[in-house]
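Peer 1: here is the input, now give the coordinates:
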Amino acid sequence: LTSAGRSVLAEEGLLAFWQGLSPAILRQVFFASFRLSIFDWAMQRAAEKRGSEHNVKPYERVFWSAVSGAVGITIANPFDVLKVRFQNAIRSGSGTKPSILGEAQFVYQAKGVMGFYQSLPPNLLRSVIMNIVELSTYSQSRSFFVSRGILNDGNMLYFVSSALAGLMAVAFASPFDVLKSRMMAGYEVNGKKMLYSSIFAGMTSLYREKGFLGFYAGVNASFHRILWWNVSMFMIKESVTNAYVKRKSQH
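Peer 2: Numbering: from 1, shown residues only. Have a look, this model is predicted:
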């Protein structure tokens, strides 16, 4: 990871670390908003029904994290496609500066509206699994630590629970992350970009080229990205939620 970072910095400059930021922000706005809001709404209803957040069953956390992840990524998938294509266009070294609109036009001309969803199956699978691992692990860990008196409600609780969620997400979701990116990027034939016909075609191609370990390519970078994303996301979410609840109680 360190050598790769030095190489990117030397060859492309500091701003290269933020390539594809615009579509990435759009993707997170839709994906994170829907998955967190749906999951939190469901957990609040379940807690009211069972009398306490600590009485919510693990299967309820798993079910609603899967539902919220599926809804969120279905809405956000077009921006995920544009993000990957945008980044790959920059790395190609063609000399042409890519744009979100330009990549969107290419996808539309190649496959129509469904081109923005050609990678949905692996992305859906990856997002549902990752969401199950992240949200249910975080929610269950948070409840466990508090109910057992191990940690009190506060930043340390949020940090430990979110770190555990991130570690679990990396272990379970990395292969689907690799496959998702491969499906979105497509492959090249005689200098022309082609899209994989199915998730099976993308999976078979990856296995033939790189074997089983190919599904864990870049796992070191994924570990740092997903771990600190989870820590940041959940801690900010808890801070905003607590501030909202406190402000609401004062009125």
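Peer 1: how about Tyr196, secondary structure?
Peer 2: In terms of secondary structure, Tyr196 is coil; the call rests on DSSP: H, G, I helix; E, B strand; the rest coil.
Peer 1: now the host helix or strand of Ala76: mean pLDDT?
Peer 2: Using DSSP states H and E, the secondary-structure element containing Ala76 is helix 58-91. Across helix 58-91, pLDDT averages out at 86.
Peer 1: can you name every helix or strand that it contacts?
Peer 2: Using 3 or more Cβ pairs under 8 Å, 6 or more residues apart in numbering; DSSP states H and E, the elements in contact with helix 58-91 are helix 21-50, helix 100-111, helix 120-131, helix 137-147, helix 155-185. Every C-beta, even on glycine, is put in place using the N, C-alpha and C of the backbone.
Peer 1: and the first one, what does it pack onto?
Peer 2: With contacts taken as 3+ Cβ pairs under 8 Å, 6+ apart, helix 21-50 sits against helix 58-91, helix 120-131, helix 219-249.
Peer 1: now, of those helices, which is deepest in the fold?
Peer 2: Each of the helices and strands packed on helix 21-50 was scored by mean neighbour count; the highest is helix 120-131, a mean of 22, by mean count of other Cβ atoms under 10 Å.
Peer 1: centre of the chain versus that one, how much separation?
Peer 2: For helix 120-131, the separation from the chain centroid amounts to 9 Å (computed by Cα atoms, centre = their mean, to the nearest Å).
Peer 1: and it with helix 219-249, angle?
Peer 2: Put simply, helix 120-131 runs at 60 degrees to helix 219-249, going by axes from the mean of the first three to the mean of the last three Cα atoms, to 10 degrees.
Peer 1: mind exporting helix 120-131 as PDB, just the C-alpha atoms?
Peer 2: What follows is helix 120-131, C-alpha atoms only, in PDB (Å, rounded to 0.1, in the frame of the first residue of the first chain):
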ATOM      1  CA  LEU A 120     -26.000  -4.300 -10.700                       C
ATOM      2  CA  PRO A 121     -25.900  -8.100 -10.000                       C
ATOM      3  CA  PRO A 122     -22.400  -8.200  -8.500                       C
ATOM      4  CA  ASN A 123     -22.800  -4.700  -7.000                       C
ATOM      5  CA  LEU A 124     -26.100  -5.800  -5.400                       C
ATOM      6  CA  LEU A 125     -24.600  -9.000  -4.100                       C
ATOM      7  CA  ARG A 126     -21.600  -7.100  -2.800                       C
ATOM      8  CA  SER A 127     -23.600  -4.300  -1.200                       C
ATOM      9  CA  VAL A 128     -26.100  -6.600   0.400                       C
ATOM     10  CA  ILE A 129     -23.400  -8.700   1.900                       C
ATOM     11  CA  MET A 130     -21.300  -5.700   3.000                       C
ATOM     12  CA  ASN A 131     -24.400  -4.000   4.400                       C
END
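Peer 1: who touches that helix?
Peer 2: 31, 35, 39, 65-66, 68-70, 72-74, 77, 80, 169, 172-173, 176-177, 179-180, 183-184, 198-199, 202 (Cβ atoms under 8 Å, 6 or more residues apart in numbering).
Peer 1: who touches Ala173 in this structure?
Peer 2: Arg126, Ile129, Met130, Val133, Ile226.
Peer 1: and the angle from the helix holding Ala76 to helix 137-147?
Peer 2: Going by the same axes, to 10 degrees, helix 58-91 makes 140 degrees with helix 137-147.
Peer 1: how far does stretch 195-202 sit from the chain's center?
Peer 2: From the chain centre to the centre of stretch 195-202 is a distance of 21 Å (Cα atoms, centre = their mean).
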